[in-house]
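Student: Test case, fold it:
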Amino acid sequence: MSILYLAICALVGYFAYKKGRNAFGWGILSIFISPVLTGIILACSKDIKVAESIQEVKMEQQQIKDRVVADEKVNDHRFESLEREIAASKSTPGTISQAPNSVYLENKTKECPACGNPIKTDAIKCKHCGVMIEEIAKRECPFCKELIAADATKCVHCKSIVNT
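Tutor: Just a heads-up that it's a prediction; the model follows:
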């Protein structure tokens, strides 16, 4: 046997390894049959690594779907209990401030200085536009009289162009 023949058989084994198959077995098979024929058979066979990665992605997607369903159930339960609390507070006026879950009813938001969307008062980054929230100098829009950033060129409320 020549060294070139064995090198080609080793290449078939390497090709088999790249497809997730047994490199040694395919290399030995190519020695006994033919490296060309074995290479063709190997090229026509499925890539096991790709099939495994597809299966992993499908499993991850299913896990995400299961988590979403579980979160929806928890949120539905919370929403129903909040609706019951609101209904109970409507039947007895003045008790909503004493309700244990009344923090859900309080408005703890402020306006993003960059985009104007509502964000939590203690937020450090706007979830809508991604701007880091820090104390920004404000001025009054000459058109709608709302507060806007001092360096703004366009009002986020009335969309008018303001002079800087």
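
Student: State the number of residues packed around residue 7.
Tutor: 11 (other C-beta atoms under 10 Å). In short, each C-beta sits where N, CA and C put it, glycine included.

Student: Which element, helix or strand, includes it?
Tutor: Secondary structure from DSSP states H and E places residue 7 in helix 3-18.

Student: Quick check: the gap between the spatially most central residue of the chain and residue 20.
Tutor: In the chain, the centroid-proximal residue (C-alpha atoms, centre = their mean) is residue 64; its distance is 10.4 Å. Going from residue 64 to residue 20 by C-beta to C-beta, to the nearest Å gives 26 Å.

Student: and what of residue 161?
Tutor: To residue 20, residue 161 is 60 Å away according to C-beta to C-beta.

Student: What of residue 154?
Tutor: 56 Å.

Student: Looking at the two, which has the bigger crowd around it?
Tutor: Set side by side, residue 154 and residue 20 show more neighbours around residue 20, with 15 against 12, by other C-beta under 10 Å.

Student: If you count contacts, what does the helix or strand containing residue 38 end up packed against?
Tutor: Under the criterion of DSSP H and E, residue 38 resides in helix 35-44. Here helix 35-44 touches helix 3-18, helix 23-32, going by 3 or more C-beta pairs under 8 Å, 6 or more residues apart in numbering; DSSP states H and E.

Student: Would you mind saying which of those helices lies nearest residue 127?
Tutor: Among those, helix 3-18 comes nearest to residue 127, with 43.6 Å by C-beta to C-beta.

Student: Next, the angle helix 23-32 makes with the closest one.
Tutor: 140 degrees (axes from the mean of the first three to the mean of the last three C-alpha atoms, to 10 degrees).

Student: re the thing from before, would you list the helices and strands packed on helix 35-44 in CSV and tack on distance to residue 48?
Tutor: Converted to CSV, these look like this (distance: least, C-beta to C-beta, whole Å):
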stretch, distance to residue 48
helix 3-18, 10
helix 23-32, 12
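
Student: since we're on residue 113, how many residues are nearby?
Tutor: 21.

Student: mind checking how far it is from residue 65?
Tutor: Taking C-beta to C-beta, one finds residue 113 at 37 Å from residue 65.

Student: And the helix or strand containing residue 82, how far out from the chain middle?
Tutor: Residue 82 is part of helix 48-91, with elements assigned from DSSP H and E. Distance of helix 48-91 from its chain centroid, counting by C-alpha atoms, centre = their mean, to the nearest Å, is 15 Å.
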